[in-house]
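> Provided below for reference: sequence and predicted model.
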Amino acid sequence: MKIPYLNRAPMVAVLRLQGMIATGGNPGRLNDAGLAPLIEAAFRRGKPKAVALVINSPGGSPVQSALIAARIRRLAEETDVPVTAFVEDVAASGGYWLATAADEIFADANSIVGSIGVISAGFGLQDMIAKLGVERRVYTSGKSKSQLDPFRPENPEDVARLKALQNDVHENFITQVKTRRGAKLSDNDELFTGAFWLGRQAVDLGLVDGIGHLVPMMQARYGDKTRFRVYGMRKPLLARFGLSLMGDALALAEERALYARFGV
């Protein structure tokens with residue numbers, strides 16, 4: 001006699017992490033607040049054999065990357081559920097930070113992996129407004145309050161301060177990778193320069209553990225009858241009815257610019 005639930009096929013919870021990592025409620029953006037209930041459900045609902053992270057992200061906020069990865073690790077340890085990451089098109093910068101939350105990382109041979117660095121970009125528009133006859137007027141109560149103002153000439157002191165902050169964030173990123181990947185990492189001098197690689201090169205560098213895809217790998221481990229329960233971000237209700245077109249367009253343009261850096 002079969003007892004319900006005792007003879008059910010093993011289940012793998014699939015957590016899809018796709019898009020730019022940033023705060024806010026724009027559709028497709030990954031952040032800790034939006035993902036928290038999904039991550040919680042992935043680990044606790046239905047007693048999964050494993051949690052699989054399916055990652056397709058060009059990065060974004062280092063803070064949100066760290067928060068999401070820390071939440072995944074915390075729940076993995078609380079529930080004693082193993083975590084495996086599968087990279088699709090790209091896991092770069094903050095996207096790779098998310099991948100390091102897994103016990104193992106696999107990629108496609110054509111996946112883009114890495115970009116362990118920090119970037120800040122902007123424009124200098126002071127010459128443009130001067131040609132238009134526009135005078136910039138800024139009043140502050142602190143000498144650093146208007147630093148990096150794009151409408152004023154660049155100040156070397158401001159740039160030096162920004163680079164110091166970036167170096168601190170970069171060191172935090174490096175620490176995360178070394179802590180999670182440990183002795184698997186190679187001694188390649190390019191590893192933490194912000195460079196990125198395809199899947200097979202990433203295997204040689206120790207950034208990923210091998211070439212592999214979600215379904216066949218999980219079935220090989222847990223059996224051909226393994227079930228998959230997928231969790232992913234949903235668009236806000238207004239976005240589904242096309243009532244936030246301007247916000248969606250701006251968010252999409254920003255995200256596409258990030259993906260374009262990696263040729264995808």
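On my side now, so go ahead.
> what about the residue nearest to residue 84 when sequence neighbours are not counted, neighbour count?
Leaving aside its chain neighbours, residue 84 sits nearest to residue 104 (4.9 Å; criterion: Cβ to Cβ, 6 or more residues apart in numbering). Glycine gets a C-beta too; all of them are placed from N, C-alpha and C. Counted with other Cβ atoms under 10 Å, the neighbours of residue 104 add up to 17.
> what do you get for residue 199?
Residue 199: 20 surrounding residues under other Cβ under 10 Å.
> any idea how far it is from residue 84?
In this structure, residue 199 and residue 84 are 15 Å apart, going by Cβ to Cβ, to the nearest Å.
> now do residue 183
Here residue 183 is placed at a distance of 19 Å from residue 84 (Cβ to Cβ).
> Would you mind telling me which of those two has the busier surroundings?
Neighbours of residue 183 and residue 84, each counted by other Cβ under 10 Å, are more numerous for residue 84; the result is 21 against 6.
> these two touch, right, the more buried one and residue 50?
Yes - using Cβ atoms under 8 Å, residue 84 is in contact with residue 50, at 6.1 Å.
> Buried residues in stretch 79-89, which are they?
Applying a neighbour-count criterion of 16 or more other Cβ atoms under 10 Å, one finds 81, 83, 84, 85, 86, 87, 88, 89 buried in stretch 79-89.
> what ranges do the helices span in the stretch 1-150 of the chain?
32-44, 62-79, 94-99, 126-131 (DSSP state H, counting those that start in this stretch).
> Spatially, what comes nearest to residue 62 if we skip its sequence neighbours?
Once flanking residues are discounted, residue 62 sits nearest to residue 169: 5.3 Å by Cβ to Cβ, 6+ apart.
> neighbours around that neighbour, how many?
Look at residue 169: counted by other Cβ under 10 Å, it has 15 neighbours.
> Equivalent analysis for the one 3 residues further on, please.
Here the neighbour count serves as a burial measure; for residue 172 (other Cβ under 10 Å) it reads 14.
> So for residue 227, which of the helices of the stretch 1-150 of the chain sits nearest?
If you check each of the helices of the stretch 1-150 of the chain against residue 227 by Cβ to Cβ, helix 32-44 wins as the nearest, at 13.5 Å.
> ok, back up a step: my read: the residue nearest to residue 62 touches residue 118, true?
Yes - using Cβ under 8 Å, residue 169 is in contact with residue 118, at 4.8 Å.
> who's in contact with the residue most central in space within the chain?
With distances taken as Cα atoms, centre = their mean, the chain has residue 95 as the residue nearest its mean C-alpha position (2.6 Å). Neighbour list for residue 95: 17, 21, 55, 56, 57, 58, 59, 65 [criterion: Cβ atoms under 8 Å, 6 or more residues apart in numbering].
> repeat that for 7 Å
For residue 95, the contacting residues are 55, 57, 58, 59, by Cβ atoms under 7 Å, 6 or more residues apart in numbering.
> how about the nearest residue to the last one, chain neighbours excluded?
Spatial nearest neighbour of residue 59, chain neighbours left out: residue 93 (2.9 Å); criterion: Cβ to Cβ, 6+ apart.
> What's the local residue count around that neighbour?
Counted by other Cβ under 10 Å, the residues lying close to residue 93 total 27.
> How about the contacts made by it?
For residue 93, counting by Cβ under 7 Å, 6+ apart, the contacting residues are 58, 59, 115.
> Pick the one among those closest to residue 214.
Nearest to residue 214 among the contacts of residue 93, with distances taken as Cβ to Cβ, is residue 58, at 20.1 Å.
> for that closest one, phi and psi?
Torsion angles at residue 58 (phi, psi; degrees, to the nearest 10) stand at phi -90, psi 0.
> Residue 226 now?
According to degrees, to the nearest 10, the main-chain angles of residue 226 amount to phi -60, psi 130.
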